[in-house]
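# Next one to model:
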Amino acid sequence: MKHSIFLTIVASLLISGNVLAAMPSNTGGSGLIQTRTPDVLTRDAWNVSAFLGYTGHLTPSDYGNPSGYSRDWADTNLSGIFNYGFLNNLEGGIVFPVDLSGGPKSQSGLQNIDVLGKYRFLKGDVSPLSLAATLVVGIPSASKTSVLGSGDTNVGVEADFGYRIGDNEKNMLYADVGFKQGDYYDKAQPLKGYQNVPILLASLSYEYAILLEKAYFSVELIGQSANIGASGNSGSGQIIPLGDEDFYGLLGIRYLPTRVTALAFGVGGGLPDPVRTDTNYLVTIGFSYLFNVAKTAARGFVYKRTSLPQPAKPAGIATGPKVVVVNGCSAGDKSEFFAQKIKSSGFNVIQVGRAPALNYNDSVVIFNDPYYSQAVNILRLIPGSEKLARSKVKNSAYDIYVVIGCSGVANAK
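Sure thing, here's the model as predicted:
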C-alpha cells in the first residue's frame with residue numbers, strides 16, 4: 001500500500017477510543033441531563049460529577065401569602081454525584097444534594113442523600129430496545145426542623161426504556177415511569193414544609209448526536225404528580241386524578257472535550273398546566289470525570305455505542321466490508337493473530353501485512369463510510385488503547401484498515 005495514501009488516511013479525523021462508558025445525570029445514575037436512561041457503566045469504571053442548578057418559581061396569586069413567606073422564590077442547588085459499575089449490567093450511585101439558597105425562607109443545607117442501584121435487563125444489541133430498572137432510597141439526612149426535608153426515608157422505583165432509531169444511536173428515544181414515597185414541597189401550604197407523600201414520575205426524552213462521540217443534544221419532558229391531599233388547588237387526595245403537578249421541558253447539550261471529561265448544560269421551564277405551573281424556569285450546568293478506565297473495556301466517556309448491531313457470521317465465504325490488517329509495532333507482530341480473530345467474528349479479511357511505520361503505541365481502525373458500526377465492532381476485538389478514524393479519502397482497495405499497535409501486541413490473548 002502506498003505511503004502517501006496511508007498518510008492521507010491517518011491525517012483524517014480521529015473520533016475516539018473504544019469508549020463504552022455511560023454519562024451521569026443530575027438525578028444520579030447514567031442518563032441525560034435531568035433523566036435516567038437504561039445505560040450503565042462498565043464493570044469497575046466509576047465517575048464523579050458536580051451539577052449546579054438554578055430554579056425560579058412563580059407561585060400563583062390565589063395561593064395567598066402566609067406571614068414570613070415570599071410568594072415567589074428561587075432555588076440554587078449543588079449536587080455531588082458518584083457512580084460505579086459493579087457488573088457490566090449493574091450500576092450503583094449516590095447523590096449528595098445541597099440547597100445553597102432556596103425555598104420561601106431561603107434556607108440552605110444538606111437535603112436527603114439518594115442511594116440508587118440500576119440493573120439493565122435488555123442491552124439493545126440485537127433489537128433497538130433497551131430496558132433497565134432503578135431503585136432509589138433517600139436517606140433522611142435533611143431534618144424536618146431545617147425546612148429541607150420531611151425527616152422520613154424516601155423510596156422510589158423506576159423503569160427506564162430506550163429505543164434506538166437506526167443502527168448507530170445517532171437518534172435515541174427514552175421514556176421513564178416510576179413511583180416514589182418521597183419529600184415534596186406543597187407551594188399552597190408552605191408552612192407545612194416538606195411532606196413525605198406518594199408521587200408519580202414520568203419523562204419522555206429525545207437525544208441526537210450532533211457530532212458522534214463528541215456532542216449530544218437532548219429534549220427532555222419531565223412530569224410528576226404528588227398526592228398531597230386536599231390542598232389549595234388540587235382538592236383531591238388521589239394521585240389519579242392528578243393532584244399537585246409539576247411539568248416542565250428542558251433543552252440540553254453534552255460536550256466531551258476529552259475522552260474522560262464531559263460538560264453538560266441545560267435550560268428549560270414550566271409547561272402550561274390546567275391546574276398550575278410552579279416551576280417557571282431552570283438552568284443546569286454540570287461537569288463529569290471518568291476514573292479507572294485502564295481496568296475496564298471502556299477507554300473514555302463517549303457514552304453510547306453499547307447497542308450497535310453485532311456482525312453476523314456468514315456461512316461459507318466471508319462477505320461484507322473488505323478488511324486489511326497490518327502490524328504497526330516494532331516490538332512484536334500480532335497482525336496474523338488479530339486477523340484470524342477478526343475473521344472468526346465474520347469479517348472479510350483480504351490482506352495481512354506491515355504498516356509503513358512501526359511506531360504505533362495505540363491500535364488504529366480506519367474506515368470508509370458507511371462502515372462505522374463494523375469498525376467499532378472490530379475495535380472491540382483489539383485490547384489495549386485504541387483509536388477510531390474516518391478516512392477522508394475513500395480507498396477502493398479496502399473498506400476498513402486496521403493497524404495493530406504495541407498496546408494490542410502486549411495485550412494479545
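# Longest helix in the chain, please.
Ranked by residue count under DSSP state H, the longest helix found in the chain is helix 335-344.
# So if we follow the domain assignment, how does the protein break up?
Annotated domains of the chain cover 3-15+308-410, 20-295 [automatic domain parsing].
# so can I have TSV of these showing mean neighbour count and mean pLDDT?
In this view, the C-beta of every residue, glycine as well, is placed from N, C-alpha and C. Below are the domains of the chain laid out as TSV (neighbours: other CB atoms under 10 Å; pLDDT from 0 to 100):
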stretch	mean neighbour count	mean pLDDT
domain 3-15+308-410	18	77
domain 20-295	19	80
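# Quick check: next helix or strand after the longest helix of the chain?
Moving toward the C-terminus from helix 335-344, the next helix or strand (DSSP states H and E) is strand 348-354.
# And for that next one, what's in contact with it?
With CB atoms under 8 Å, 6 or more residues apart in numbering as the test, strand 348-354 has contacts from 1, 318-327, 333, 335-336, 339, 342-343, 398.
# Break down the stretch 201-350 of the chain into its strands, ranges please.
Along the stretch 201-350 of the chain, counting by DSSP state E, counting those that start in this stretch, strands occupy 215-226, 244-258, 261-270, 279-291, 322-327, 348-354.
# what's the spacing between the first one and its chain's center?
When you say that, I think you mean strand 215-226. 13 Å (CA atoms, centre = their mean, to the nearest Å).
# Packing partners of that strand?
strand 194-211, strand 244-258, strand 261-270 (3 or more CB pairs under 8 Å, 6 or more residues apart in numbering; DSSP states H and E).
# Which of those sits closest to K392?
Evaluated with CB to CB, the helices and strands packed on strand 215-226 place strand 194-211 nearest to K392, the distance being 15.8 Å.
# Direction included, what does that closest one pair against?
strand 171-185 (antiparallel), strand 215-226 (antiparallel) (DSSP bridges).
# Using CSV, write out every CA atom in that strand.
Extracted in CSV, the C-alpha atoms of strand 194-211 (Å, rounded to 0.1, in the frame of the first residue of the first chain):
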residue,chain,number,x,y,z
TYR,A,194,-41.7,19.2,53.1
GLN,A,195,-44.2,16.3,53.3
ASN,A,196,-43.5,12.6,52.6
VAL,A,197,-46.2,11.8,50.1
PRO,A,198,-46.8,9.3,47.2
ILE,A,199,-45.5,10.7,43.9
LEU,A,200,-45.9,9.5,40.3
LEU,A,201,-43.0,10.2,38.0
ALA,A,202,-42.8,10.2,34.2
SER,A,203,-40.5,11.5,31.5
LEU,A,204,-40.1,11.4,27.7
SER,A,205,-36.8,12.3,26.1
TYR,A,206,-35.1,12.5,22.7
GLU,A,207,-31.4,12.6,22.0
TYR,A,208,-29.5,13.5,18.9
ALA,A,209,-25.8,13.1,18.2
ILE,A,210,-24.7,16.5,16.8
LEU,A,211,-21.1,15.2,16.4
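# quick one, that strand and strand 244-258 angle?
Between strand 194-211 and strand 244-258, the angle comes out at 40 degrees (axes from the mean of the first three to the mean of the last three CA atoms, to 10 degrees).
# coming back round to it: any chance you could give me the longest helix of the chain in PDB, C-alpha atoms only?
Extracted in PDB, the C-alpha atoms of helix 335-344 (Å, rounded to 0.1, in the frame of the first residue of the first chain):
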ATOM      1  CA  SER A 335      -1.200  -9.000  12.800                       C
ATOM      2  CA  GLU A 336      -1.900 -12.600  11.900                       C
ATOM      3  CA  PHE A 337      -3.200 -13.300  15.300                       C
ATOM      4  CA  PHE A 338      -5.700 -10.500  15.200                       C
ATOM      5  CA  ALA A 339      -6.500 -11.100  11.600                       C
ATOM      6  CA  GLN A 340      -7.700 -14.600  12.500                       C
ATOM      7  CA  LYS A 341      -9.700 -13.200  15.400                       C
ATOM      8  CA  ILE A 342     -11.400 -10.600  13.200                       C
ATOM      9  CA  LYS A 343     -12.000 -13.200  10.500                       C
ATOM     10  CA  SER A 344     -13.600 -15.600  13.000                       C
END
